[in-house]
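> Build me a model:
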Amino acid sequence: MKKNIAIIMGGYSSEYEISIKSGTVVHQNLDRSKYQPYRIIVTQDKWVYLNDEEKEFPVDKSDFSIALPEGKIEFDCVFNAIHGTPGEDGILQAYFELLEIPQTSCGHYQAALTFNKRDLLSALKPYNVPCAESFYLNAGEIVDEDLIVGKVGLPCFVKANRAGSSYGITKVYEKEKLRSAIATALKEDDEVIIESFLDGTEVSVGVITYKNEITVLPITEIVSENDFFDYEAKYQGKSQEITPARITKDQELQVSKLAEFIYRTLKLKGYSRSEFIFIGDIPHLLEVNTTPGLTAESILPQQAQAAGIDLENLFGSAIEEALR
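Predicted coordinates:
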């Protein structure tokens with residue numbers, strides 16, 4: 001008997017449109033002989049099922065079900081394709097855990113931890129995971145440019161602490177530009193992280209649980225046409241994403257081991273995509289994404305393809321792992 005699969009997409013953040021694209025790709029590629037997929041659009045105003053005629057049916061949040069003319073539909077599993085809040089920061093993970101509905105991403109604690117860049121780095125610091133020098137700032141606090149530059153140097157990156165897809169990120173070359181960069185970050189989140197610039201090769205490493213085994217996917221090298229891997233570079237073709245990455249065997253081994261170590265140490269499940277910059281042969285962690293993009297332009301599907309895993313198997317395996 002086919003499993004009813006809710007593919008949740010949308011969300012409450014700037015990443016709404018990207019999430020819709022990811023969810024649509026999942027919907028198009030699920031094996032219809034095994035799964036009956038349902039597109040569930042989540043916004044702050046409403047949660048709805050969208051059928052093939054684009055007609056909306058409300059979701060009953062008390063048990064995450066939908067009432068259709070043919071009867072009530074309950075879900076065997078939720079495929080999480082929401083980037084940003086509430087799908088990547090632990091809110092929906094906790095909701096589905098309470099309802100005892102399996103879902104494809106990591107647990108609520110791990111989602112909240114990895115979505116918060118500052119907390120993630122703090123949790124990994126005792127394990128000696130290399131990362132950039134950083135400075136923390138919250139909305140309403142005094143901005144002391146000299147103190148910031150003294151800690152992280154110039155150029156530096158000013159980032160929204162809890163945001164994805166490079167929203168709220170500015171590369172700052174001059175002390176006088178710090179305030180406007182902080183203001184940009186604060187539009188996305190009330191917490192800011194300011195990091196030193198790491199000058200080296202940037203790579204992205206996908207780690208997934210595939211057929212009940214933790215699997216490190218082929219590594220992607222990021223070569224941005226812009227000043228850094230920003231939104232344009234990620235989604236509008238202003239970058240080269242080279243898989244497999246043009247790195248040495250030693251670098252490949254180091255970053256693969258570190259990405260898998262982070263996945264295991266944080267007790268992640270489902271998909272993760274971690275970003276690193278090499279300083280010499282040492283990979284320095286930038287961030288960990290636990291609901292990475294699944295669009296045609298996205299890195300994780302490219303890596304899976306390089307590993308010989310097509311989209312049908314990539315998505316189907318995530319469902320089977322969640323059901324397991």
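
> ok, now which ones touch Phe157?
Ala132, Ile169, Thr170, Lys171, Val172, Ile194, Glu195, Ser196, Phe197, Phe228 (C-beta atoms under 8 Å, 6 or more residues apart in numbering). All C-beta spots, glycine's among them, are computed from the backbone N, C-alpha and C.

> What residues are bridge-paired with it?
Applying DSSP bridges to Phe157 gives these bridge partners: Lys171, Glu195.

> Skipping adjacent residues, who's closest to Ala160 in space?
Nearest-residue entry for Ala160: Gly168, 3.2 Å, with adjacent residues in sequence omitted and distances by C-beta to C-beta, 6 or more residues apart in numbering.

> Redo the contacts of Phe157 as TSV? Include pLDDT.
Putting those into TSV (pLDDT from 0 to 100) gives the following:
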residue	pLDDT
Ala132	95
Ile169	90
Thr170	93
Lys171	93
Val172	96
Ile194	97
Glu195	96
Ser196	97
Phe197	95
Phe228	54
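
> can you put those residues in JSON lines and add distance to Asn289 and neighbour count?
Converted to JSON lines, the contacts of Phe157 look like this (distance: C-beta to C-beta, whole Å; neighbours: other C-beta atoms under 10 Å):
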{"residue": "Ala132", "distance to Asn289": "17", "neighbour count": "19"}
{"residue": "Ile169", "distance to Asn289": "14", "neighbour count": "20"}
{"residue": "Thr170", "distance to Asn289": "20", "neighbour count": "21"}
{"residue": "Lys171", "distance to Asn289": "20", "neighbour count": "16"}
{"residue": "Val172", "distance to Asn289": "23", "neighbour count": "23"}
{"residue": "Ile194", "distance to Asn289": "20", "neighbour count": "24"}
{"residue": "Glu195", "distance to Asn289": "17", "neighbour count": "20"}
{"residue": "Ser196", "distance to Asn289": "21", "neighbour count": "18"}
{"residue": "Phe197", "distance to Asn289": "21", "neighbour count": "18"}
{"residue": "Phe228", "distance to Asn289": "16", "neighbour count": "16"}
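
> which two in the residues you listed are spaced the farthest apart?
Ala132 and Thr170 (15.1 Å; C-beta to C-beta).

> Now do the helices in the stretch 101-250 of the chain.
Secondary structure of the stretch 101-250 of the chain (DSSP state H, counting those that start in this stretch): helices at 108-115, 117-124, 145-152, 178-186, 231-235, 249-265.

> Which among those is found nearest to Val288?
Among those, helix 108-115 sits nearest to Val288 (C-beta to C-beta), with 4.5 Å.

> Summarise which helices and strands that closest one is packed against.
Under the contact definition 3 or more C-beta pairs under 8 Å, 6 or more residues apart in numbering; DSSP states H and E, helix 108-115 sits against helix 91-99, helix 117-124, strand 282-289.

> Point out the most buried one among those.
Compared across these, strand 282-289 shows the largest average neighbour count, a mean of 21 (mean count of other C-beta atoms under 10 Å).
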